[in-house]
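Novice: one predicted model, sequence on top.
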Amino acid sequence: MAEELEANILLVDDEEEFLKVLSQRLEGRGMKVDTSSTGESAVEKAKAKGFDAIVLDLAMPGVDGMETLKRIKRENPDLQIIMLTGHATVDKGVEAIKAGAVDFMEKPVDLNRLLKKIEEAKNKRVLIVEKQHEEKIKEILKSKGW
Amino acid sequence: MDIEKEKTLQTLQMRFIGKILSTYTHEMKNHLAIIKESSGLIQDLINMGKLPRKKKDAGPFVSTLTAIDDQVARSTAVISILNRFGHRMDNPASTFDINEVIEELIVLMNRLAKQKRIGLKGEFQREMPPVHSSPYRVQLILYTLIQEKLGALDVDGSIVLSTALRDGSATIRVYEQGARRPEDQGQDVTPRDLFQYAMSELKGEITYQTDEHAVLVSIPLTE
């Protein structure tokens, strides 16, 4: 088994059984996993809670993965979203990356590859948050004339 | 035979087959993903030394193995339907059960309807005599009518295909339940003259009941 990875993850897929088994596997590797089976609930959860990465299925009934991606990015542009899909076409991947996804993976996924992508997404998010903090501190210092 | 119309029908037929194939290979990938993660989960449990020593401790293993079984059953059902759908094109015409052909189409299009949160159902008159016609062309016409309604209906609506026996013909009425999307109040977009032609080649008829957003397809029972 791969090494432990501490990360807060949101898994989004309309296949409940897939959510169940994948979250058990990720939890077994040290992650905290939240799940959503609809785009609407994923948008709400992403608004309410900070996640290191979101793993989002492209094809879902109602608000689909692409629309969910756009809505989440609109609310929180720093969130790192990895798209999963059964669509084997490049154009969907390009569309998702253009809409702000950090990566695009085809189902069934290789778990080690997914873990690597999650780790990369988490590291990227940490960098963004650190940079934001740094800029905020600089602003405070500047406003105080220090 | 109108060569141009036949060519157009063949193009539509190819698109129809492509759509069904892409939809169901997508569905199969979902099944395979669940099977892959379930077997991976069992490997994880073994690697963590969580092998059950007693039957009563085998819960997680049993439920995961059951999930694999369920997915294999789902995949088998889909493949059987796809296989039957493929064989519909073995001959230009054959004798078939119209209810069975419609039921098959409903299963094949269910995922497309579900994606739009629209119901797709059949109301079948039982003990329908068999018809002799082209099952794949009948499916193409019904598929196109359903696609048109999927584009027009609002969420939570339904599309119904009902069969009946009328004046020596098997009839299929395709109608809507629920509201149309506000932006989609326009006219039906099915290529009517093309389908009139296709049905006349099958010695049948297609009637558009525009006021009710319904279409009636009639197929003679005998050739």
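Specialist: Sure thing, it's come through.

Novice: and residue 71, what pLDDT?
Specialist: Let's take chain A. Here the pLDDT value assigned to residue A:71 is 96.

Novice: wait, chain B was what I had in mind.
Specialist: The model's pLDDT for residue B:71 equals 92.

Novice: ok, now the one 3 residues further on?
Specialist: As predicted, residue B:74 sits at a pLDDT of 90.

Novice: which residue is the nearest non-sequential neighbour of it?
Specialist: residue B:31 (5.6 Å; Cβ to Cβ, 6 or more residues apart in numbering or on different chains). No exception for glycine: its C-beta is placed from N, CA and C like everyone else's.

Novice: residues contacting the one you found?
Specialist: Counting by Cβ atoms under 8 Å, 6 or more residues apart in numbering or on different chains, residue B:31 touches B:71, B:72, B:74, B:75, B:78.

Novice: how many neighbouring residues does the third one have?
Specialist: As a burial measure, residue B:74 scores 17 neighbours (other Cβ atoms under 10 Å in any protein chain shown).

Novice: and residue A:20, by the same measure?
Specialist: For residue A:20, using other Cβ under 10 Å, the count is 18.

Novice: backbone dihedrals for the most far-flung residue of chain B relative to its centre, both of them.
Specialist: Of all residues in chain B, residue B:53 has its C-alpha farthest from the mean position, at 46.5 Å, by Cα atoms, centre = their mean. When quoted as degrees, to the nearest 10, the phi and psi of residue B:53 stand at phi -90, psi -30.

Novice: and the pLDDT at it?
Specialist: pLDDT, read off for residue B:53, is 79.

Novice: cool, and residue A:99?
Specialist: 92.

Novice: residue B:26 versus residue B:51, what's the distance?
Specialist: According to Cβ to Cβ, to the nearest Å, residue B:51 and residue B:26 sit 36 Å apart.

Novice: residue contacts, the spatially most central residue of chain A?
Specialist: The residue lying closest to the centre of chain A (Cα atoms, centre = their mean) is residue A:54, at 1.9 Å. With contact set as Cβ under 8 Å, 6+ apart, residue A:54 has these partners: A:9, A:10, A:11, A:12, A:42, A:46, A:72, A:79, A:80, A:81, A:82.

Novice: the fourth one contacts residue A:58, correct?
Specialist: Which is residue A:12. No - Residue A:12 lies out of contact with residue A:58 (Cβ atoms under 8 Å); the separation is 10.0 Å.

Novice: in chain B, which spans are strands?
Specialist: Remark: strands assigned in chain B by DSSP state E are B:94-96, B:119-123, B:131-133, B:158-166, B:169-177, B:205-209, B:214-220.

Novice: among those, which is nearest residue B:9?
Specialist: With Cβ to Cβ as the criterion, residue B:9 lies closest to strand B:205-209 of the strands of chain B, at 13.3 Å.

Novice: ok, residues contacting the closest one?
Specialist: B:141, B:175, B:188, B:190, B:192, B:195-196, B:198-199, B:215-218.

Novice: now, the most widely separated pair of these?
Specialist: B:175 and B:198 (20.2 Å).

Novice: tell me which of the two has more neighbours.
Specialist: Counted by other Cβ under 10 Å, residue B:175 and residue B:198 do not tie: residue B:198 has more neighbours, with 24 against 18.

Novice: what sits against that one?
Specialist: B:5, B:9, B:137, B:140, B:141, B:206.

Novice: measure the fifth one to residue A:68 for me?
Specialist: So the one you mean is residue B:141. Where residue A:68 is concerned, residue B:141 sits at a distance of 35 Å (Cβ to Cβ).

Novice: what does the fourth one give?
Specialist: When distances are taken as Cβ to Cβ, residue B:140 and residue A:68 turn out to be 33 Å apart.

Novice: same question for residue A:10.
Specialist: For residue A:10, the distance to residue A:68 - Cβ to Cβ - is 11 Å.

Novice: between those two, who's got more neighbours?
Specialist: Of the pair residue A:10 and residue A:68, residue A:68 is the one with more neighbours under other Cβ under 10 Å, namely 27 against 24.

Novice: tell me which element residue A:145 falls in.
Specialist: Residue A:145 belongs to no helix or strand when assigned by DSSP states H and E.

Novice: picking that back up, dihedrals phi and psi, the residue nearest to the centre of chain A?
Specialist: phi -120, psi 130.

Novice: for it, list each beta-bridge partner.
Specialist: Beta bridges link residue A:54 to residue A:10, residue A:81, judged by DSSP bridges.

Novice: so which residues on chain B come close to chain A?
Specialist: By Cβ under 8 Å from any Cβ of the partner chain, the residues of chain B that approach chain A are B:25-27, B:29-30, B:32-38, B:40-41, B:44, B:47-48, B:64, B:67, B:70-71, B:114-117, B:155.

Novice: which of those residues fall within helices?
Specialist: B:25-27, B:29-30, B:32-38, B:40-41, B:44, B:47, B:64, B:67, B:70-71, B:114-115 (DSSP state H).

Novice: buried only: go through the residues you listed for me.
Specialist: B:26-27, B:29-30, B:33-38, B:40-41, B:44, B:64, B:67, B:71, B:115 (16 or more other Cβ atoms under 10 Å in any protein chain shown).

Novice: hmm, residue A:8 and residue A:30 touching each other?
Specialist: No - between residue A:30 and residue A:8 there is no contact under Cβ under 8 Å: 11.1 Å.

Novice: quick one, which of the two is more surrounded?
Specialist: residue A:8 (16 against 12).

Novice: I'd guessed that one sits against residue A:55; true?
Specialist: No - using Cβ under 8 Å, residue A:8 is not in contact with residue A:55; the gap is 11.8 Å.
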